[in-house]
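# Coordinates only, no sequence provided:
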C-alpha cells in the first residue's frame, strides 16, 4: 500500500513553532532572573519566621536593644566541637546577632582542628566562648547561648567607671581577702562589670571629678567637718552616694545624713521568724522588697542581713535639703518582715536573745534599705541619672566574703552599684538571665519548724487515722 505524501508545514505552522520556542526561552530567562533576584534578596536580608509560642529562636527586644547600641566592633570566638548538638542554639543566636548588626562578627573554631589557636587564647576546654572588644575580653563556658548577650553588654559598656570607697574612718576593706571580714569577692564582681575600684580620702582631696559613685562601707569612726563639707559639695552637683552603716557606726555621718532625711536608727533588727535555720536572730532574711526599684527588682531570693539597723525616710516628697535641693522621689526598697522589730535591748547584740517590749522597741516591718533622690528646686524635671541620689543600707556585712554568696546578696551588691552608676541595662541583663537560674536552697527557722511539725506530727497522725478507719470498717462493717 502506498503511503500518502507528507505535507510540508505551512507558513503559519512555522510561526507557531518559533513562538513556542520564544515562549520557552522567555520562561527560562524569567525564571533564572527571579532566582537571581531571590538569591540577592536572601543574601542581603535575613528573613525568618519563628512560629514557637515563646519566640525561642528570635532575638528578644532586649537583645535588639543591646546590639543596636553597640558603638564599637565586637568579635566572638566559639571554641567548640562542631558535631556537638549543644552548640546549635548558640550558633543560631550568633547568626541572628551578626545579621542584625555589622558591629558583631563571629568565628566558630573546632578545638580538635585548631589546637594552636585555642592555646593562643588560653582556652583549655570545649565550649568556651571568648567575647572581645576594644582590648577587653569576657569568657563563658559550656557554650551557653543565654550568656552571649550579657557578655556583649558587659564588654561594650563604658570602660573604667570609677567607684570610690571612703577611707580613714574604720571602713571595711574592698581589697581584703579574709573570709569573714574581707570584701574582695564583691570587688571582683564589680570589676567584671568594668568598674574601677579605688579608695579616696575626703580629707586629703575631696571627691574626685571622675567619681560615678562614692561609697562609705561600714565606717565606725566620725567624719571630720572638712570631709562632710566635701560630701555636701559632691551631692550639690548631682553626686551619687551610698552609706552602709552598721549599728553604732560613725555617729557624725549618721547625724549628717539626717539633713537628707535618711535616719539610721540605733536599734538593732531582730527577726526570729526569718532567721536562717538554727541561726541566731540577728542574722535574718529580708523578705519584703520593692518591685518598682531597680536595686531590688531583680532579686531572685531575699537578701540576708546580719547585725542590721533600720534606715528611715523622715520627710515626704517635696521636702528641702541643703543647697536648695528638693526631695523628688523616695523608696524603701528593702524591709524586714511583719514579725520583726527594731530592738532597743542592749543585751541583744551580746546574747542574741531578746523579746519585744512596747515603748522601747519599734514594730516591723523595718526598712533596712532606703533611697532618696533630689533635684534642684528651680528645675525638678531632670532625668534620674542627673539627680542627687543617696542610698542608705543598715548593714555592711551582706556584701562581705562570708555573706555575699548567700541567697540574693550577690545580686543586691552588684545591682546597687549598677543602678547608682547609671547602668540599669546590666540589671535588666541579669534579670533576663536569672529566669533560667535556680537560687540556692535555704529555709528560715520558721519554715524549719513547720516542716518538723509536718513530718513528725501531722503525717503520722493522718496515717494513724487512716489505719483506725480501716480497722473499724473491717471489724464492725465487714
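It's in. Bear in mind that the values here come from a model prediction, so they are computed numbers and not experimental data. Numbering: from 1, shown residues only.

# What's the first helix or strand after the helix-or-strand element of the chain with minimal mean pLDDT?
When the helices and strands of the chain are scored by mean pLDDT, DSSP states H and E, helix 445-453 comes last with a mean of 60. Sequence-wise, the next helix or strand downstream of helix 445-453 (DSSP states H and E) is helix 459-476.

# How far away from the center of its chain is that next one?
53 Å (Cα atoms, centre = their mean, to the nearest Å).

# buried ones in it?
Within helix 459-476, no residue is scored as buried using 16 or more other Cβ atoms under 10 Å. Where C-beta positions appear, they are placed from N, C-alpha and C, glycine not excepted.

# Then stretch 241-249?
By 16+ other Cβ under 10 Å, the buried positions in stretch 241-249 come out as 241-247, 249.

# Among the residues you listed, which are located in strands?
Among these, the members found in strands (DSSP state E) are 241-244.

# So which of the residues you listed is the closest to residue 134?
Residue 134 lies nearest to residue 242 out of those, by Cβ to Cβ, at 28.3 Å.

# Verify the contact between that closest one and residue 214 for me.
Yes - using Cβ atoms under 8 Å, residue 242 is in contact with residue 214, at 7.3 Å.

# hang on, the earlier thing: and the ones in strands among the buried residues of stretch 241-249, which is closest to residue 101?
residue 242 (34.9 Å).

# Quick one: residues contacting that closest one.
213-216, 390-393, 416-417, 420 (Cβ atoms under 8 Å, 6 or more residues apart in numbering).

# Identify all contacting residues around stretch 140-153.
Stretch 140-153 is touched from outside by 62-63, 66-67, 70, 74, 76, 78, 80, 84, 86-87, 89-90, 92-94, 97, 104, 125, 127-129, 131, 138, 425-426, 429-430, 432-433, 436, with contacts defined as Cβ under 8 Å, 6+ apart.

# Next, the buried residues of that stretch.
Under the neighbour-count criterion of 16+ other Cβ under 10 Å, stretch 140-153 has 140, 143-145, 147-153 buried.

# Residue 334: helix or strand, and which one exactly?
Judged by DSSP H and E, residue 334 forms part of strand 325-335.

# which other helices and strands contact that strand?
strand 288-289, helix 294-297, strand 320-321, strand 367-376 (3 or more Cβ pairs under 8 Å, 6 or more residues apart in numbering; DSSP states H and E).

# Run through who's touching whatever helix or strand comes next after that strand.
For strand 325-335, the succeeding helix or strand toward the C-terminus, using DSSP H and E, is strand 341-343. By Cβ under 8 Å, 6+ apart, the residues outside strand 341-343 that reach it are 265, 267-271, 309-310, 354, 356, 360-364, 366.

# now swap in stretch 177-190 and tell me
The contact list for stretch 177-190 (Cβ under 8 Å, 6+ apart) reads 163, 172-176, 197, 217, 399-402, 404-405, 410, 413-414, 417.

# cool, stretch 373-389 as well?
Here stretch 373-389 makes contact (Cβ under 8 Å, 6+ apart) with 235-236, 238-241, 260, 320-321, 324-330, 371-372, 390, 420, 422.

# from those residues, which would you call buried?
235-236, 238-241, 260, 321, 325-328, 330, 371-372, 390, 420, 422.

# Quick check: phi and psi at residue 323.
Main-chain torsions, residue 323, degrees, to the nearest 10: phi 60, psi 30.

# All set now, cheers.
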